[in-house]
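A.B. asks: sequence plus the predicted model coming up.
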Amino acid sequence: TLKKLYGIDPLNTSQDAVTKVLREHRLEVGKPSNLPRSIDKLWKSARAGIDGPVFLVDIPAYLQPLAKTQPGEPRLSEQFNVILGGTEACKAYSEQNHPIVQLQSFLSQQKMREAGDQEAQMLDIDFIEMLEYGMPPACGFGYSERLFWLLEGVTAREGVPFPQLRHETDSLTRLIYTDVKF
C-alpha cells in the first residue's frame, strides 16, 4: 500500500526519503523523526482511505518491538492487523519470547525514547527477567476496545482513561542488568 500510494518500500528506505514524502503530501513531520514513527505516520494517512475490512500483513519488524519475526524473513513481524472503516480494529502477533532478542529490541526503543519519541516502547526489565525464566510461545488477538471505539465513534483518548503510573526498578534488578540505563 505504501509503495502504491507513496512510492516508499518500508523495508528498503531511509529516514530522509520518508521525510521527503511526508513533506510532499503535507503530512506533519514532527520531532523526533525516526523511521518507525515516520512510516507509521504514512501508514495512518494511507489506511484512512481503506474502508475494509482488510488484513494488513507483512508488517516491518521495527514497527512492533514485542513481536517475533517471520522465520523466512527477519525484517517482517509475525503480525496482522484488521482494518475497518479506515482504522486499526485489531492487532494480533506472536510475542517475542527470546530474552536477549527482546532486550535488544527494548534497548533500541529506549534510544528512541531518549531522543524524545514518547511513543517508543518503554524498557520493561521485569518482563525480560520473566522471559529468562522461560516463557512458552504466546500470541494474542486484541480487538475489544478498538472495536468498541469504532462502533461508538470515539477516539482512544475518549474511550479509555489511562492512569499515570510510575514504574520503579528495584536495586537488585539494577545490579543484574548493569549495561541498561533505567
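C.D. replies: That came in fine, so what should we check first? Numbering: from 1, shown residues only.
A.B. asks: residue nearest the centroid of the protein?
C.D. replies: Centroid-nearest residue in the chain: residue 64, 3.7 Å away (criterion: CA atoms, centre = their mean).
A.B. asks: surely it and residue 80 touch.
C.D. replies: No: using CB atoms under 8 Å, residue 64 is not in contact with residue 80, being 10.7 Å away. C-beta coordinates here come from the backbone N, C-alpha and C atoms, glycine included.
A.B. asks: which residues are common contacts for these two?
C.D. replies: residue 93 (CB atoms under 8 Å, 6 or more residues apart in numbering).
A.B. asks: who are the contact partners of the residue nearest to the centre of the chain?
C.D. replies: Here residue 64 is in contact with 77, 79, 93 (CB under 8 Å, 6+ apart).
A.B. asks: again, but for residue 88
C.D. replies: Neighbouring residues of residue 88 by CB under 8 Å, 6+ apart: 47, 56, 81-82, 146.
A.B. asks: got it, and residue 10?
C.D. replies: Contacts of residue 10 (CB under 8 Å, 6+ apart): 2, 39, 60, 63.
A.B. asks: quick one: the strands in this protein?
C.D. replies: For the chain, strands defined by DSSP state E occupy the ranges 54-56, 69-70, 73-77, 79-84, 87-94, 139-142.
A.B. asks: from the middle of its chain, how far away would the longest one be?
C.D. replies: Meaning strand 87-94. The chain centre lies 11 Å from the centre of strand 87-94; the measure is CA atoms, centre = their mean, to the nearest Å.
A.B. asks: which of the contacts of residue 10 ranks first by neighbour count?
C.D. replies: residue 39 (24 neighbours; other CB atoms under 10 Å).
A.B. asks: ok, and the closest non-adjacent residue to that one?
C.D. replies: Nearest non-adjacent residue to residue 39, counting by CB to CB, 6 or more residues apart in numbering: residue 10, 5.0 Å away.
A.B. asks: kindly report the same for residue 81.
C.D. replies: residue 56 (4.2 Å).
A.B. asks: give me the number of residues near that neighbour?
C.D. replies: Neighbours of residue 56 using other CB under 10 Å come to 17.
A.B. asks: quick one: low-confidence ranges for the chain?
C.D. replies: 32, 140-146, 156-157, 159-168, 182 (pLDDT under 70).
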